[in-house]
Every structure is written in structure tokens, then in C-alpha cells.
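Peer 1: Give me the fold of what follows.
(one chain, ligands or ions: 2)
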Amino acid sequence: METFGHFEDASREYVITRPDTPWPWINYMGTEDFFSLISNTAGGYCFCRDAKFRRILRYRYNGVPMDAGGRYYYIKDGDSVWNPGWKPCKTTLDSYECRHGMGYSRIKGCKDGLEADALFFVPIGHRCEVHRIRLTNTGSAPKRIQLYSFAEWCLWNASTDMENFQRNLSTGEVEVEGKVIYHKTEYRERRNHYAFFGVNRPFDGFDTDRETFIGMYNGFEAPQQVLSGKSGNSLAHGWSPIASHRFDIGLEPGASEEFIFVLGYVENPSDKKFVAPGVINKEAALRMMDAFAAPEQVDAAFAALKAFWDGLMGRFTLQSDVPELDRTVNIWNQYQCMITFFFSRSASYFESGIGRGMGFRDSNQDLAGIVHLIPERARQRILDIAATQFPDGGCYHQYQPLTKRGNNDIGGGFNDDPLWLIFGTVAYIRETGDFGILDERVPFDNKPGTEVSLLDHLKISFKHVTDNLGPHGLPLIGRADWNDCLNLNCFSDNPDESFQTTENKSEGSKAESLMIAGLFVAEGRDFAELLERIGDSGAALVREAVANMETAVKKHGWDGEWFLRAYDYYGNKIGSRECEEGKIFIESQGWCTMARIGADEGLCDKALDSACKLLECEHGLVLNTPAYTSYIKDYGEISSYPGGYKENAGIFCHNNPWVIIGEAMAGRADDAWRHYCKITPAFCKDQNLRKVEPYAFCQMVAGKDAAKPGEGKNSWLTGTAAWTWKAVSEAILGIKPQFDGLLIEPCIPARYGNYKIHRRFREAEYDITIRYSGKAGSVFIPYKPGKQELEINL
Ligand code: BGC
Ligand code: NOJ
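Peer 2: Numbering: from 1, shown residues only. Ligands and ions are numbered 1, 2, ... in the order given. Down below sits the predicted model:
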């Protein structure tokens, strides 16, 4: 089978060996507030803090050709012009390799006895990308070549940058001084930030005006200056500012030259913006340039970045007999959890960085993937999210990372949202034991003076559900629950209305959700336990509400062989054998089995059997079946997707782990394992079919009704990362953080039951050897700081 690369576990890298991957295979760089997306051909962009408002490089989504724009290096060697990453020139290389590692990418291209090795990373503590370009003459004759850099500036707001041309084409401003090109559009007025692209050696020519560098009717693959071996030394005024440096280089056989480029971002205090009228204050940029002037400084910064990731990845490690499992657990799943924590759903090759801020539910779920890695940052995130809640417990569906304020365009009304705050906080406290977070004072809707404790926020989250029950005693769905596309109050027949925000009818709606019901029971139990731990008398009422909900689910939410999905606006069943299409849905099977509702009466086993029988296909469990074949106004967006895609019978990977955990809780190890392997990319053999990165989970893989079942989409930014992490680390491998220790309770097929885990837990380091025979059982390890070796036979 055709392959485009392979895993290299020892270096925690994925090695891409052909540049023409079936879709750009990307990586992320950055750990604090400066972030970059970089594809295997060096395409992509960077931004500071906010992918919409502080975009540094321009990028054209869904362009022709695909993946246009990035940080490109051009080499002109005689008549041939090429790039180490193949694109944009696409000149055939003698060899090519791209290594995507933890927070860096290294792209190497060779042609005609010249090797170009480009290392890209975002150093810790700096707002910049560092590019180390090493050119080596591997041939036997001396070479005279030219190296060009290239980057195109975005005029900061990535949205208006692509819209408001009547203004944009007149605003662009740059400065060139010393070894640095500065992009200062709009700095003259309200902005106090600029970007720069500099290099550690004097250059032989430059360009800052796109038209001069590329030529009006050329593409990135044929910049006229590079073709002619010159530079225009152009200064951009309006139009499209860019940055390009040129070097004329002589290389003896065996000789190497190294160039260190820094692509950075600077903010200045408003009274220190200029050093002379119109001349920007370059001090901070020059300090950053100085920090990477010498190769040793770059080596040290790169080593520090590696140490950062080594530290993180060393907190939970697995040694099993299944290499695909080890590399997923030890490297790529945890890495993706960090990425989703940083980016939420904002910027990927499927998310434009302008559409969506930080999701309330998304960010809470992402916490589950990183609380064991960066607990301090999880703590801050919880407080930021809680501050976007309303006094009645509802919350903004999204907030903007730059301001941390709720997004008015979308508003609230998604009735699952409040419960996820309980989910995220419980995950955090179980991991850290930091009950103190519950006392933190947090405002509503970011309004000073409205502060209450985080604990009170959790209480009103819980109460928001009990305040909003429908006719069957089940939670009202509101605009939508976790499934944003099940829009039961929307009733839209106008294509210009948003499914997410339109409520053509909501007064008197009876629409209820079994997904929220399951979530409420599962999280309600955790919440009650938390309250009991801190001696809060509210626990009893919480337990009572949970018990009532269980009764309601058994009475009104059971369809005979599986759990119903919802009641619609009129009180009709959704996800029932009585329905023609959409007879069964995954979300309620997952949540109600995780909540163990009716387990003693056999409901969970029946629901799981039905999921295996009806929802499972070759590549995973589909969201619903049969797929909707036409638009149903009463249901909204779900029925707008062609069958097999997205929320209409796609394999929506995010919810597969809910069933996996439900299976494990029911002791069904073989089923849990099979579902897990199907959605985990490391087990996938057909890279062409999967199309997207073989090292990243997808939000969605095309389901059995699609034209190409198994084709992956929406890789990287998805709750799948955190949920598969929870499923594999807790449910399958059985390492379950509790408020006062670790519960070891595996559920894995016995043939894989011998493994070792190193687990950092608070101030403890556990080395656990597990021998699991397949029988149900568990061992509790009370928390005790220090190193411990444990042998567990079950
Ligand atoms: C997508 C959902 C997403 C929603 C909100 C829908 O079009 O199908 O997956 O949650 O938009 O952005
Ligand atoms: C993606 C969204 O980010 C998430 O919030 C939602 O739960 C799923 N789509 C399902 O619709």
C-alpha cells in the first residue's frame, strides 16, 4: 500500500517522505501565546494569542493550489529554482523529508548536490518563529547560489484582511533597517504592535512589495525576482506588504552556511511606540533578534523546547506489547490534547481561525486531556471559562481568547454547556487535589462586582438543568445539546439563517435531550461526591435530583433495545424504532451507559449491543442510523448533511469514546478495544483513504453511507483528543484519578493485559506493572508523595 511516511517513536517524530501527501499534513508550534501552523511543505501561518485579531501571516484557505502561503525559502542554483519543502515551486527534489516533532518541524530537501535543511520552531518565552536554514554543498564542485526568504503579511484582522480591500490596499506600511524587515500597518494609529522578519547576517537584497517580488500575474511558484536572480529592494506602500531577503552565496564542496531567521511579534507601550515621527521603536524586536543571533543560542532554545516536551511527555508513559497503542498514548494523543487545549476549535486546516473562538463545552472537555500535564494552566482556564457564565447558570457558547469575553453573536442557550463546567472542574480536582479552586471568586459575564465562588458557579450549573426540565422530567435541550446540529427549536427554511443561532420557535418547546440526561446523571454523581468531600450539605439534594433523572430516563427514555435520543418540539420521539430514519443515536447510548442508568435491569448491555449491531461499521461507530436522506425542518442542521458526513451518520469520533467507556464500565473489553482501534489513526493502514494526518485524531471520518467510507476530515481540533485520552488511559488501561488516590481498574483484552505505566500524580511518581487476566477487579492506591513501584495482578 502506498505510504507517505512513518512514525519514529524514539524521537517522537512523524517522518513524511513524500511532499505530495493526500492533504497537507500539518504540525503546530508554540506553547504560550505565539502559535504557528506549519504544513509538510512549510505552508501555514502564525498569530499571537488570537487567530482572528492578531494574525501575522496571510493564508488563503481552500485555495488553488491547495495550501498556498507560508514561510517559503527559495534556492536559485543556476537555472533551477526550488524549495526545500517542494512547494511552491514543486521542482522535483532528489530527496525530501519532513519531520513533524513536538512543537517543531524540520524540512530537508536536496537537489543537485545541495542540501537545504530548515528547522522551524517557536522558542519558549519569545513571540516568534525561529527558522534555522542550513545549506550544504554535498557535491564535488563549488557552487554559487542564491537563497531567498519569503513571507506575506496579514493586515492583522484575518477576517477583514480577506474582505475590506477598498481600505486594505491603501494601508500597508513597512520599514527596512539593518537586517530586519518590519511590518507596521496600522501601527501609526490604534495598534501598539508590529511584526518583523529578520536574519542574523547582512543580506544582499530585499523586497517588501508583493507585486515587485512576485510579479502581477505570477504565482508563489514563480517570483520574478527569484527567476531573474535579483531583488527589487522595494518598499511597500499599500497594496500587499511582504518580506523577502536575498543572499548570494558561494559554497565550496563540503562547506555549509547557516542562516537564522526570526519572524516575530512585538507590543510596545503606547508612549514608547515611536523613536522619531513615523519611525517605530525597534528595541524589543532587536532584543529578540539578539537572542537568536548565534547558532549556540538557537541550539539552546531548541534544547529548552525539547526539554519542555520531554517533561510533559514523561508524566504518563506506557510500555505494552502493542506499538500502535504505545505511540498513541506516549506521544501523539497527549500532544494533540495539548494542541486542542491551546487552540480550542479556532485554527486548523479545517477551521479558518476567524469563525470560532473558544467553546464553553469544548474547552471544558479539552481539560480532561491536559490536567495531568499542565495543571496550573488548566486551573486558569477553568476560571476564565466560569467567568463567561450568566447568573442563571446558562453561559455564552463561545468566548474570544483575546478578551476572554463571551461572544454575543452566538450567545447562549445550549443546555448541555453548564454541566461541562462541573465535568472540567471535577477532572481538575481529581488530578490535582486542589479543592481550593472552589473558593476562587469568579464574576458572571465578566462583570466586576458580581463575583461568587467557583463552587457557587458549579451549583448554579447543576441547577440550570433542574430549572429547565421538560414534560417527561428530562432536560430541555434549548438551542442544542452536545450535538450542535440537532436544532429542535430552529424550524428554518431560510438558507440565510444560522442553524446555530436561530430559534424560530422556542416558547413552549417540549424538546428534551437524553444526552443531557445521561450527562447530568454521570456528572451529578461526581458533583455529589465532590460536595460530600468538602462537607457541603447540598450533596443530598444533588443525589436526589440524580435519582429522579434516572427514574425519568428509565421511564421515558428507554426504547426497548436502546436509549432514545430526544423528544422534539412537539414531544415526538427521536432515535426510536418508531422512526423511519435516525432510529438510533450514539450520544445517548454513550452517556446513559457511562452513567450506568438501568444497568441492573440490563439496559446498558442492551444499549451497547444495539450500538455494536446498528451503529458500528468498518471504521468506527456512526452517529445515527439510518442517515437522514432529506432535510427535516423540525430537526435542523443534522439533516442538512448528506448521509455519512458530519452529524448525519458520520463517524463523529468525539462520541466513540463515550461508548468505549460505557463498554469498559460494563466489563466488555473486546468491544471497547475494537471501537478504540477503529478510530485511532496509528492503527490505520490505508493512508490514501484516510487522507489526513496519520498521527492526529479526526473530528469526523466518513461513515458507511458516505461516498468514501473511512475518509478522514477535520483533523486535530476536536474533543476526540481529550475523550480518547480519557478512554484509553482511564477506561482501557485503568488508571483512574480519584479525589484521594488512583484507582487501578483495567478493561483490556487479556492478551494485551501485561503492561507497565509510569504515572506522575501530584507529587507522586508511580511505576506500575500490571498483569491483567481479564477478570473484573480493581486496586485503590491512596495518594502518597514520592516514588513508588507497584505490581498489580488482577
Ligand atoms: C458543525 C458542528 C459544529 C457547529 C458549530 C456545524 O456546522 O457540523 O460540528 O459544532 O457547526 O460551529
Ligand atoms: C463540534 C463542536 O465544536 C462541538 O461543540 C460539538 O459538540 C460537536 N461539533 C458536535 O456537534
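
Peer 1: so how far is residue 542 from the nearest residue to residue 429 once chain neighbours are set aside?
Peer 2: What sits nearest to residue 429 in space, not counting adjacent residues and going by Cβ to Cβ, 6 or more residues apart in numbering, is residue 435, at 6.0 Å. No exception for glycine: its C-beta is placed from N, CA and C like everyone else's. Remark: distance between residue 435 and residue 542 (Cβ to Cβ, to the nearest Å) = 17 Å.

Peer 1: phi, psi of the residue nearest to residue 429?
Peer 2: Main-chain dihedrals, residue 435, degrees, to the nearest 10: phi -70, psi -20.

Peer 1: what do you get for residue 129?
Peer 2: Note on residue 129: backbone dihedrals following degrees, to the nearest 10 are phi -100, psi 140.

Peer 1: does the spatially closest residue to it that is not a sequence neighbour have beta-bridge partners, and which?
Peer 2: Closest residue to residue 129 apart from its sequence neighbours, by Cβ to Cβ, 6+ apart: residue 263 at 4.5 Å. Residue 263 has the following beta-bridge partners by DSSP bridges: residue 129, residue 197.

Peer 1: again, but for the one 4 residues further on
Peer 2: With DSSP bridges applied, residue 267 shows beta-bridge pairing to residue 193.

Peer 1: correct me, but it touches residue 191?
Peer 2: No. Counting by Cβ atoms under 8 Å, residue 267 stays clear of residue 191, with 9.0 Å between them.

Peer 1: end-to-end on stretch 350-370?
Peer 2: Length of stretch 350-370, first residue to last, Cα to Cα, to the nearest Å: 23 Å.

Peer 1: number of nearby residues for the closest residue to ligand 2 within the chain?
Peer 2: Ranked by Cβ to the nearest ligand atom, the top residue of the chain for proximity to ligand 2 is residue 484, at 3.7 Å. If you count neighbours by other Cβ atoms under 10 Å, residue 484 ends up with 20.

Peer 1: Identify the residues contacting it.
Peer 2: Residues in contact with residue 484, defined by Cβ atoms under 8 Å, 6 or more residues apart in numbering, are 414, 499, 500, 637, 647.

Peer 1: make it 7 Å
Peer 2: Taking Cβ atoms under 7 Å, 6 or more residues apart in numbering, we find residue 484 in contact with residue 500.

Peer 1: Please tell me how far it sits from ligand 1.
Peer 2: Distance of residue 484 to ligand 1, computed by Cβ to the nearest ligand atom, to the nearest Å: 4 Å.

Peer 1: cool, residue 313 as well?
Peer 2: 29 Å.

Peer 1: Might one say that that residue is in contact with residue 337?
Peer 2: No. Using Cβ atoms under 7 Å, residue 313 makes no contact with residue 337, being 11.1 Å away.

Peer 1: who has more neighbours, those two?
Peer 2: residue 337 (26 against 17).

Peer 1: pLDDT value on the more buried one, please?
Peer 2: Here the pLDDT value assigned to residue 337 is 98.

Peer 1: Name the nearest residue to it, sequence neighbours excluded.
Peer 2: Among residues not flanking residue 337 along the chain, residue 369 sits closest, at 2.9 Å (Cβ to Cβ, 6+ apart).

Peer 1: got the residues of this protein near ligand 2?
Peer 2: 345, 359, 361, 362, 482, 483, 484, 485, 647 (Cβ under 6 Å from any ligand atom).

Peer 1: which residues sit against stretch 220-239?
Peer 2: Contacts of stretch 220-239 with the rest of the structure, by Cβ under 7 Å, 6+ apart, involve 68, 72, 74, 76, 81, 88-90, 146, 148, 169-172, 174, 176, 205-215, 218, 246.

Peer 1: Just the buried ones out of these, please.
Peer 2: Buried by 16 or more other Cβ atoms under 10 Å: 68, 72, 74, 76, 81, 88-89, 146, 148, 171-172, 174, 176, 205-214, 246, out of the contacts of stretch 220-239.

Peer 1: Which of these fall in strands?
Peer 2: 72, 74, 76, 81, 146, 148, 174, 176, 205-209, 246 (DSSP state E).

Peer 1: Also near ligand 1: which of those residues, exactly?
Peer 2: With the criterion set as Cβ under 6 Å from any ligand atom, no member of those is near ligand 1.

Peer 1: and those residues, which two are the farthest apart?
Peer 2: 81 and 174 (24.7 Å; Cβ to Cβ).
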